[in-house]
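> would you be able to build a 3D model of this:
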Amino acid sequence: MNKRFIFTLLLSSAFALGGCDPNARMSEHGFRLPDGDAAAGRETFVYMQCTQCHSIKGEEFEEFPGMDPPYVELGGTVTQVRTYGQLVTAIINPSHQLARGYAEEVVSENGDSNMYNYNRHMTVQELVDLVMYLQPTYNVVVPKYRYRVYPTT
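Numbers count the residues shown, from 1 in each chain. As a prediction, this is how the structure comes out:
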């Protein structure tokens, strides 16, 4: 074979492989679990005892005797959409991103979330029901910005 042809083939292969994202296999694009049932999701929220550490804006739950009030509030007014993927990730990998606005010792220990890992105990159906219940509890608003008006000359 001609050296020029081999060089061109290798160079083309390098460019083609360079365009491949090694993290693409971990992408959330194209990932979607089936829709769940919000009423069943609320039951899962109570059954899995999520109310020990979480409250939901506008919801009332039975208190646990001798327990501190819930620490991390879910739902309410936010400035960013809580996507399906973000909620699934928060449930199955709670250490991925810790809750903001809370003292670190309240939500984590040594950088790991204090949230119990339910992966061995929660069914996929319970997961999709829980996400279906949680997602509409967020009210997304556009953040208010103050723009400075400069005088024209």
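> what about stretch 71-88, how long is it end to end?
Using CA to CA, to the nearest Å, one end of stretch 71-88 lies 20 Å from the other.
> nearest residue to the middle of this structure?
In the chain, the centroid-proximal residue (CA atoms, centre = their mean) is residue 86; its distance is 2.2 Å.
> for that residue, give me its contacts.
Going by CB atoms under 8 Å, 6 or more residues apart in numbering, residue 86 touches no other residue. Every residue, glycine included, has its C-beta placed from N, CA and C.
> secondary structure class for it?
helix (DSSP: H, G, I helix; E, B strand; the rest coil).
> that one and residue 94, how far apart?
12 Å (CB to CB, to the nearest Å).
> now the helices for this protein?
Using DSSP state H, the helices of the chain run over 3-18, 38-47, 84-92, 104-107, 124-134.
> mean pLDDT lowest for which of those helices?
For the helices of the chain, mean pLDDT drops lowest on helix 3-18, to a mean of 60.
> what comes up buried for stretch 103-118?
107-108, 113-115, 118 (16 or more other CB atoms under 10 Å).
> what about it, start to end distance?
23 Å.
> also stretch 54-62?
One end of stretch 54-62 sits 12 Å from the other (CA to CA).
> all numbers from here: first residue = 32
All right, first residue 32 from here; so that's stretch 85-93.
> so how far is it off the chain centroid?
19 Å (CA atoms, centre = their mean, to the nearest Å).
> repeat that for stretch 64-83.
The answer for stretch 64-83 is 16 Å, by CA atoms, centre = their mean.
> what's the answer for stretch 159-171, then?
For stretch 159-171, the distance to the chain centre is 11 Å (CA atoms, centre = their mean).
> can you pull the buried residues of it?
Judged by neighbour count using 16+ other CB under 10 Å, the buried positions of stretch 159-171 are 159-166, 168-169.
> show residues contacting that stretch.
Under CB under 8 Å, 6+ apart, the answer for stretch 159-171 is 64-76, 79, 87-90, 105-113, 115, 118-119, 122, 153.
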